[in-house]
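*Asks:* Fold the following and give me the result.
(chains A, B, C and D)
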Protein chains: 2
Amino acid sequence: MNMKEIAQLAGVTAATVSNAINGTGNVSEKKRKEIMEIIEKEGYSPNRFAKSLRTKESNTIGIMVEDITAFQTPRIINGINNYVEKQGYAVILNNMSLLEKTGNHYSELSSYQSAISKSIKLFNKTQIDGLVYVAMHDRDVMELIPKLSIPIVLVYCYDTSKKNYYVTYDNMDVIADVAEYLVKHGHEKIGVIKGAEDSLPSQKRLRSFITQLEKAGKELKEEYIFPGAWEFGDGVKAYERFKQLEEKPTAIFAMNDLMATGFMDAALNDGVRIPEDVSVIGFDNRQECRFTRPRLTTVDIPLEKMGEKAGQVLLDLISGKTPENRKVILPCEFLEKNSVI
Amino acid sequence: MNMKEIAQLAGVTAATVSNAINGTGNVSEKKRKEIMEIIEKEGYSPNRFAKSLRTKESNTIGIMVEDITAFQTPRIINGINNYVEKQGYAVILNNMSLLEKTGNHYSELSSYQSAISKSIKLFNKTQIDGLVYVAMHDRDVMELIPKLSIPIVLVYCYDTSKKNYYVTYDNMDVIADVAEYLVKHGHEKIGVIKGAEDSLPSQKRLRSFITQLEKAGKELKEEYIFPGAWEFGDGVKAYERFKQLEEKPTAIFAMNDLMATGFMDAALNDGVRIPEDVSVIGFDNRQECRFTRPRLTTVDIPLEKMGEKAGQVLLDLISGKTPENRKVILPCEFLEKNSVI
DNA sequence: CTGTTAGCGCCTTCAA
DNA sequence: TTGAAGGCGCTAACAG
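*Replies:* As a prediction, the model looks like this:
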């Protein structure tokens, strides 16, 4: 069934049918209704290839994800999908599977670059109207993203060159909440397990944490700052250090759930009680850490909303609107569970 | 840049370029090489809308997932993607978000049906060549899947009407492994927490489990069969029953990780030691249950492989080949961790 | 308010 | 072995 046939049934020409469907030109209300009824009855929908060929618009966006099995990715995709579908856009997905290829060696630029250029080449062939890049680590991807002829929006990462639009979450405010929460619970000696040394989110979180403690008239002792690099094992190592301390912190803020869980696991193995002997807070609200004992108090990142916002910014860009800011920063939510006393 | 322009650069006509690209017709090797070089140099790729309009093939498949945040979904998508991309197909994704809409009320057919028909309507407009349906519960979806004009392959579910092709995993063999493993570890009194009453996988697992115990000369006592419906809370309830028993099982096989974790959690709260007092085995290898203490011995479902296989079957169907069987059943892997002694 | 016309980029005869 | 011509289904510009 094509437009011409519909037109014949309606006793008009294809152009009028087209106008009726798209609300373009002038079609009398009566004719429009007639036409729409026939379309409904016949179950007709316009051939999108013909339409796209003609209009140069595909009404399709691409999502390239660093890794679909990374914990953030599905929720972000979900958010993007929800938004753009409502606007009549389809979504083409490409998974670069970078967890397999690079693991956590974020610095292996060349693997990233080759995967990215491969993915972009793929999208090039598909005539999409815009692209969302979903990272699996919150970091600067400036060097990774080539110049494209279509709009692109980055999610879960940032771009210090300010060339690209990106959507991310706020570290500062929620970390202040975390610090305040620990202070309110009467903790004086508080420790932090940091993220990777060169990670900006890690630095920001540390800064915000210290600032908030200072507001409460407390300081973060140098020896209570444990190095880490986001992995479970780093939490275990932090516990080993913790154990050696004469005067131990009564609370630990680990910059992600994996390290928090590693710390708790090692501590519990050692007979340390949580939260009675030491309280623990994580960050990420990862599924893997949902059933720790005790349940881990943590921070939820607004992943769906980040996806929705990215979709919105992208569609704005596609339709020629210029969003106000290059970056969108969404607030996180503190989740109180049972790992702090 | 279009085909005509490439043709001009090569001093031929568009028809020859088309033949060179697609390996159709007869083009001298020399000309073909020349043309391909120019294409490479100019970074040209054919307009897929024009091509699809002409050939009636989109080289695109759709994936409709019941819920992208369900634990199986990302790994399955991953598998499908990996396979079909290599064959030059793009993937359009649609997420029905059924976890939000129906939760675990699998029986709410009407919610399912409206979501599915909406999704299919959406795909109808996109002129895809084939469709993969990814379920979030392993169940009969016969009533849900309407007749389509394009091939469809179901994953993580089945179709007793045998109308559709589907790819799923094997319950019987791996459950025999589970039972055998418990017997080998010297367990005499073994309990089972069942899945939902009307669930075929649950029934199959029970049957296989009993069969294997019988082979070892053991029986599964009626009072050691605990009802359940796949949820964390069902594991907790099972523990309450367990607790009342005069003579308690020394090992529990929960038909999924959530119930296993619920059981463990309740037991540990009660001061019961795992695995010293009671051993536990789960099923699914869910991320949420990765950091239980002790780590949960469980069964991994070959989700990526199921996705790959589904992609393969679908592309076969698209290209007119008829796969041998309506169903593909892939083996699971038993994962030994630390929750059994 | 509706119809006519032309052409988007590609592939497929058919002819040379 | 290559080229010319036509048309896939749709929309935009213009004419009536």
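
*Asks:* any idea where the helices of the stretch 51-200 of chain A begin and end?
*Replies:* Secondary structure of the stretch 51-200 of chain A (DSSP state H, counting those that start in this stretch): helices located at A:73-86, A:98-102, A:109-124, A:172-184, A:200-215.

*Asks:* Point out the most buried one among the ones you listed.
*Replies:* For the helices of the stretch 51-200 of chain A, the stretch with the most neighbours on average is helix A:73-86, a mean of 22; neighbours defined as mean count of other Cβ atoms under 10 Å in any protein chain shown. To be clear about C-beta, it is placed using only N, CA and C from the backbone, and glycine gets the same treatment.

*Asks:* now the angle from that helix to helix B:109-124?
*Replies:* Between the axis of helix A:73-86 and that of helix B:109-124 there is an angle of 70 degrees, by axes from the mean of the first three to the mean of the last three Cα atoms, to 10 degrees.

*Asks:* what's the neighbour count on whichever residue of chain A sits closest to DNA strand D?
*Replies:* Nearest to DNA strand D, among the residues of chain A, is residue A:3, at 2.7 Å (Cβ to the nearest atom of the strand). For residue A:3, the number of neighbouring residues by other Cβ atoms under 10 Å in any protein chain shown comes to 20.

*Asks:* what's the answer for residue A:23, then?
*Replies:* Counted with other Cβ under 10 Å, residue A:23 comes out at 8.

*Asks:* and it, what pLDDT?
*Replies:* Here, the pLDDT recorded for residue A:23 equals 87.

*Asks:* got the contact list for it?
*Replies:* The neighbourhood of residue A:23, defined by Cβ atoms under 8 Å, 6 or more residues apart in numbering or on different chains, contains no residues.

*Asks:* quick one: the strands in chain A?
*Replies:* Using DSSP state E, the strands of chain A run over residues A:60-65, A:90-95, A:130-134, A:152-155, A:165-169, A:190-193, A:225-226, A:251-254, A:279-281, A:298-300, A:327-330, A:333-335.

*Asks:* deepest of those, which one?
*Replies:* Mean neighbour counts were taken over the strands of chain A using mean count of other Cβ under 10 Å, and the top value, a mean of 29, falls to strand A:251-254.

*Asks:* what comes into contact with it?
*Replies:* Counting by Cβ under 8 Å, 6+ apart, strand A:251-254 makes contact with A:178-179, A:182, A:185, A:187, A:189-193, A:209, A:226, A:228, A:235, A:238, A:242, A:260, A:262-263, A:278-283, A:340, all of which sit outside it.

*Asks:* thinking again about what came up before, and the helices of the stretch 51-200 of chain A, which one averages the lowest pLDDT?
*Replies:* Set side by side, the helices of the stretch 51-200 of chain A give their lowest mean pLDDT on helix A:98-102, at a mean of 86.

*Asks:* what does that helix contact?
*Replies:* Contacts made with helix A:98-102 from outside it, assessed by Cβ under 8 Å, 6+ apart, are listed as A:66-67, A:69-70, A:108, A:111-112, A:115, A:136.

*Asks:* separation between residue A:301 and residue A:323?
*Replies:* With distances defined as Cβ to Cβ, to the nearest Å, the gap from residue A:301 to residue A:323 amounts to 21 Å.

*Asks:* Comparing those two, which shows the higher neighbour count?
*Replies:* For residue A:301 against residue A:323, the residue with the higher neighbour count under other Cβ under 10 Å is residue A:301, and the figures read 27 against 15.

*Asks:* returning to what we had before: can you give me the neighbour number for the nearest residue to the residue of chain A closest to DNA strand D once chain neighbours are set aside?
*Replies:* In space, not counting the residues next to it along the chain, residue A:3 is nearest to residue A:14; the distance is 4.6 Å by Cβ to Cβ, 6 or more residues apart in numbering or on different chains. Residue crowding around residue A:14 was assessed by other Cβ under 10 Å; the count is 14.

*Asks:* wait, isn't residue A:14 in contact with residue A:7?
*Replies:* Yes. Checked against Cβ atoms under 8 Å, the pair residue A:14 and residue A:7 is within contact range at 4.6 Å.

*Asks:* Per-residue pLDDT of residue A:104, please?
*Replies:* 68.

*Asks:* again, but for residue A:279
*Replies:* For residue A:279, the model assigns a pLDDT of 98.

*Asks:* What residues does it make contact with?
*Replies:* With contacts defined as Cβ under 8 Å, 6+ apart, residue A:279 is in contact with A:182, A:185, A:187, A:250-252, A:297, A:339-341.

*Asks:* So is stretch A:332-341 next to chain B?
*Replies:* No. Contact between stretch A:332-341 and chain B is absent, the nearest approach being 11.6 Å (criterion: Cβ under 8 Å from any Cβ of the partner chain).

*Asks:* how distant is that stretch from the center of its chain?
*Replies:* The chain centre lies 21 Å from the centre of stretch A:332-341; the measure is Cα atoms, centre = their mean, to the nearest Å.

*Asks:* Thank you, goodbye.
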